[in-house]
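J.: predicted model and sequence below, questions to follow.
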Amino acid sequence: MSDQLPFFVYGTLRPGLHNHARYLAGRCTRIRPAVLTGAALHDGPGYPFLLPDPAHRVVGELLTLRAAQYPRLLALLDELEGCRTDGTGLYVRERLPVTVRGTGLAEPAWVYLAGPAATARLRERPALIASGDWTLPHGTTLPG
């Protein structure tokens with residue numbers, strides 16, 4: 001099985017937002033709307049965080065990166081997200097099943113979750129985005 005998994009993006013890496021334009025525009029072979037169940041979206045200082053939470057879901061896109069650029073882009077994204085190999089970074093990257101909208105099919109993807117310090121802070125003072133969609137006004141809730 002290949003480690004060149006697609007990425008589930010839910011914040012500033014989503015198409016149309018600044019980090020997508022900077023890091024990913026023109027470097028994706030496929031962009032599909034997707035949902036991650038079992039996670040809650042929390043507002044951060046200009047960017048969101050995901051925390052495991054069986055009662056919530058998060059809306060985003062599943063991005064398949066160009067194979068030839070994959071190792072370089074993976075390193076860039078890990079650096080952007082402050083992802084450290086020892087698991088102590090701002091985010092941690094995990095392989096999780098993500099459901100492609102419209103198909104109902106789940107597939108494995110890389111997902112950046114809040115790292116330990118951000119998780120502790122958000123457990124103490126939650127900043128839940130009820131809609132699960134960072135691109136919507138934060139007071140919005142989605143049906144179902």
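T.: Perfect, thanks for sending it. Note that the structure is a prediction, hence the values are computed from the model and not measured.

J.: residues in contact with the helix ranked longest in the chain?
T.: The residue-count maximum for a helix in the chain (DSSP state H) belongs to helix 70-80. Under the criterion C-beta atoms under 8 Å, 6 or more residues apart in numbering, residues 4, 7, 13, 19, 23-24, 27, 65-66, 83, 93, 112 lie in contact with helix 70-80. Backbone N, C-alpha and C define where each C-beta goes, glycine included.

J.: next helix or strand past it?
T.: Counting by DSSP states H and E, the next helix or strand C-terminal to helix 70-80 is strand 91-100.

J.: list the buried residues of the next helix or strand after that following strand.
T.: Once strand 91-100 ends, the next helix or strand along the chain (criterion: DSSP H and E) is strand 106-114. Buried residues in strand 106-114, counting neighbours by 16 or more other C-beta atoms under 10 Å, are found at 109-114.

J.: what helices and strands are in contact with strand 106-114?
T.: strand 7-9, strand 28-43, strand 48-65, strand 91-100 (3 or more C-beta pairs under 8 Å, 6 or more residues apart in numbering; DSSP states H and E).

J.: repeat the analysis, applying 7 Å as the threshold.
T.: The helices and strands touching strand 106-114, judged by 3 or more C-beta pairs under 7 Å, 6 or more residues apart in numbering; DSSP states H and E, are strand 7-9, strand 48-65, strand 91-100.

J.: what about residue 118, which helix or strand?
T.: Short version, using DSSP H and E: residue 118 is in helix 116-124.

J.: tell me which residues are up against that helix.
T.: 42, 49, 51, 88, 90, 114 (C-beta atoms under 7 Å, 6 or more residues apart in numbering).
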